[in-house]
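[1] Next input, structure requested:
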Amino acid sequence: MKHFFIIINMEKRLAEKTGRTIEQFLETCGGEVSYETWKGPRQKKYDLPEGTDCIITVGGDGTLIQTARATIGSGVPIIGINRGHLGYLTQLTREKDIVPALKRLLEEQYTIEERMMLRARVYRKGKCIYKDVALNEVLLTRYDSLRTIHFKVYVNEICLNEYSSDGLIVATPTGSTAYSLSAGGPIAEPEAKLMIMTPICSHTINSRSIIFSPNDTVRLVPESENQIVACDGDLPVELQKGDEVEVVRSRHSARLVRLKEESFLETLRDKMTFV
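    Residues are numbered from 1 along each chain as shown. Below is the predicted model of the structure:
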């Protein structure tokens, strides 16, 4: 790797300083660096310089997720440096590990993980009014009301169930350790190819997570008002009764750089205190 694009989340403490340190080291070693900073509204798309070999995000998991969405289809691998809290997706946290990691990038000593992403579209009277992608999850939930919402779920045009709950999550394996896990969903190996559907606080006792094939199409149809849908916690879109939310596997994946030799299970143990 020689051409790098650094994305710095200015809302994170020390992120700017870390970003400048990375830039100086890479340029000293003959690398070429471009960078972008953001604070507040997140960009929908980054225009990467031609020939970019790697994107380095400096922030937290949210910074990496937003970058994966904003560069979808580019095929450029991403590595995250954590300046946030948990940093489950980011590879590096300790300051002393950054320079050795950059050396490995320059020397091509790394592997690439392909992470499945989702594509969501909202149709109103047959017309697409919203579309976006998600690395973690597509969320259907309520807004501006304490009442439960009602909706139907169709899988490959077959009606699966009608739910009364606080919402529903359709997650990727990457997202299985995020909101989906908090809602009671299972943990999946991150490079697996599947979709995890988990109701949120359902009013049905036997309502559980269901795992679908990556080739399935999940369709959510609101049966009540005050519902929204959002991808990876980004700006939501308000739904009307009778709208259709289609969730399928995206034809693009997120390509994450992996430097550490530890297994997925070791990461679970270290990041989530599984003992």
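[2] In the stretch 51-200 of the chain, what residue spans correspond to strands?
    With DSSP state E, counting those that start in this stretch, the ranges of strands along the stretch 51-200 of the chain come out as 54-59, 78-82, 111-124, 127-134, 137-142, 149-155, 158-165, 167-171, 195-200.
[3] The last one pairs with which strands?
    Within its sheet, strand 195-200 is paired with strand 167-171 (antiparallel), strand 210-212 (antiparallel), according to DSSP bridges.
[4] orientation of the first one relative to strand 149-155 in degrees?
    Spelled out, that is strand 167-171. 30 degrees (axes from the mean of the first three to the mean of the last three C-alpha atoms, to 10 degrees).
[5] any weak-confidence spans in the stretch 151-275 of the chain?
    Scanning the stretch 151-275 of the chain with the threshold set as pLDDT under 70 gives 261-263, 267, 270-275.
[6] before we move on, could you check phi and psi at residue 28?
    Dihedral angles of residue 28 (phi, psi; degrees, to the nearest 10) stand at phi -60, psi -30.
[7] before we move on, what about residue 37?
    Torsion angles, degrees, to the nearest 10, at residue 37: phi -120, psi 150.
[8] and it, what are its bridge partners?
    residue 8.
[9] which one of the strands of the stretch 51-200 of the chain lies closest to residue 189?
    Nearest of the strands of the stretch 51-200 of the chain to residue 189, taken as C-beta to C-beta: strand 111-124 at 10.6 Å. (Glycine included, C-beta is placed from N, CA and C.)
[10] could I get the strands of the stretch 51-200 of the chain as TSV with distance to residue 14 and mean neighbour count?
    Putting the strands of the stretch 51-200 of the chain into TSV (distance: least, C-beta to C-beta, whole Å; neighbours: other C-beta atoms under 10 Å) gives the following:
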stretch	distance to residue 14	mean neighbour count
strand 54-59	9	27
strand 78-82	10	26
strand 111-124	26	18
strand 127-134	28	16
strand 137-142	29	24
strand 149-155	41	19
strand 158-165	40	15
strand 167-171	31	26
strand 195-200	34	25
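[11] Quick one: the ones you listed as CSV, columns for distance to residue 181 too.
    Listed next are the strands of the stretch 51-200 of the chain as CSV, based on distance: least, C-beta to C-beta, whole Å:
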stretch, distance to residue 181
strand 54-59, 21
strand 78-82, 19
strand 111-124, 16
strand 127-134, 16
strand 137-142, 10
strand 149-155, 20
strand 158-165, 17
strand 167-171, 9
strand 195-200, 9
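[12] Of all these, which one is nearest residue 230?
    It's strand 137-142; of the strands of the stretch 51-200 of the chain, that one is closest to residue 230 (C-beta to C-beta) at 5.1 Å.
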